[in-house]
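S.K.: The sequence and its predicted three-dimensional model are supplied below.
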Amino acid sequence: MTVTAIGTSLQGRVVLVTGAGQRIGQAIAIALGAEGARIGVHFHRSRSGADATVAAIEAAGGEAFALQGDLSDPATPAALVAVVIARYGALHALVNSAASMLRTPLATLTVAQWDEVFTLNLRGSFFLALAAAKAMPEAGGAIVNISDHMAFESWPAFIPHGVAKAGVASMTHALAAALAPKVRVNGIAPGAVLAPPSWTEDEQRRFAEATPLKRIGTPDDVVGAVHYLLTAPYVTGQLLFVDGGRHGAR
């Protein structure tokens, strides 16, 4: 029996990470860049955060640049892909992390809020995935979509967000079939790996107590999952829950 190394290296690979100027997207971009991937650091409004992401990657010996784009604009997906290819000559992977988490209580929910959530959280990711897949090499590429545990739980104040993120999960399965064998498509459904800024310590404690692993997650938990899915050559069409066991273990 011949045994080969598990997974593949990201060294020299070109990866576009959306929403990389803050929170989970920033953590993903910095980690992949530190491993040797060349990173397109996408941002919309978080210019200072994106610049900090680039600086952190370069300080670790990596290579990155920031590029701005509003994913609610239908022209943005193709434009972002073109900018990355013009800079690095290729695109091997995409991490769809950009999203909003808009609180939308039913009593005040508007059509405009619904459309805002779906445009960024679902439509933008879908068309960016299509644009990226077209540009990826015939040898194969990889896409990782960030869904959310809220897609599989009842959060009354975030219903449009949860429904849109459930769409991201469905989109992941469908694109995995449609883009195979050239492009692998997987997803991650994180739990509360970064507590919302509005959460009190008591709210964080109660959430942790209701989670089988009894803690709030960390960005590193999601980073490890992204790395695995980008480098696992025989894995596609999967949604990996990184939620401390909230889904399926209770």
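M.R.: Right, received. Where do you want to start?
S.K.: Any regions of this structure where pLDDT drops low?
M.R.: 1-8, 249-250 (pLDDT under 70).
S.K.: max-length strand in it?
M.R.: Ranked by residue count under DSSP state E, the longest strand found in the chain is strand 183-190.
S.K.: So which residues of the chain form helices?
M.R.: Under the criterion DSSP state H, helices of the chain are mapped to 23-34, 47-59, 76-88, 111-118, 125-135, 159-179, 201-209, 219-231.
S.K.: What is the burial count for the closest residue to Ser97 other than its chain neighbours?
M.R.: Nearest residue to Ser97, sequence neighbours excluded (C-beta to C-beta, 6 or more residues apart in numbering): Gly25, at 3.7 Å. (Glycine included, C-beta is placed from N, CA and C.) For Gly25, the neighbour count with other C-beta atoms under 10 Å is 28.
S.K.: if I look at Gly25, how far off is Leu194?
M.R.: Separation of Gly25 from Leu194 (C-beta to C-beta, to the nearest Å) stands at 11 Å.
S.K.: again, but for His44
M.R.: His44 sits at a distance of 18 Å from Leu194 (criterion: C-beta to C-beta).
S.K.: Centre-most residue in the protein?
M.R.: Ser97 (2.7 Å; C-alpha atoms, centre = their mean).
S.K.: my guess is it meets Gly21, correct?
M.R.: No: if you go by C-beta atoms under 8 Å, Ser97 and Gly21 don't touch, sitting 10.3 Å apart.
S.K.: who touches Val144 in this structure?
M.R.: By C-beta atoms under 8 Å, 6 or more residues apart in numbering, the residues touching Val144 are Ala93, Leu94, Val95, Asn96, Val185, Asn186, Gly187, Ile188, Val226, Leu229, Leu230.
S.K.: before we move on, back to that, name the residue in His44 and Leu194 with the higher neighbour count.
M.R.: For His44 versus Leu194, the count of surrounding residues by other C-beta under 10 Å is larger for His44: 20 against 16.
S.K.: And the more buried one, its phi and psi?
M.R.: Main-chain torsions, His44, degrees, to the nearest 10: phi -110, psi -70.
S.K.: Can you give me the neighbour number for Glu138?
M.R.: Glu138: 7 neighbours (other C-beta under 10 Å).
S.K.: swap in Asp70?
M.R.: Around Asp70 there are 13 residues (other C-beta under 10 Å).
S.K.: Look up how far Glu203 lies from Gly69.
M.R.: Gly69 is 33 Å from Glu203, by C-beta to C-beta.
S.K.: Ok, Thr172 next?
M.R.: On the measure of C-beta to C-beta, Thr172 and Glu203 end up 29 Å apart.
S.K.: Touching, Leu71 and Ala98? I think so.
M.R.: Yes: Leu71 is in contact with Ala98 according to C-beta under 8 Å; the separation is 5.8 Å.
S.K.: shared neighbours of those two, anything?
M.R.: Common neighbours of Leu71 and Ala98 (criterion: C-beta under 8 Å, 6+ apart): Thr18, His44, Leu120, Gly124, Ser125.
S.K.: among these, which two are most distant?
M.R.: His44 and Ser125 (13.3 Å; C-beta to C-beta).
S.K.: what residues do those two have in common as contacts?
M.R.: Common neighbours of His44 and Ser125 (C-beta under 8 Å, 6+ apart) are Leu71, Ala98.
S.K.: how many neighbours does Val95 have?
M.R.: For Val95, the neighbour count with other C-beta under 10 Å is 27.
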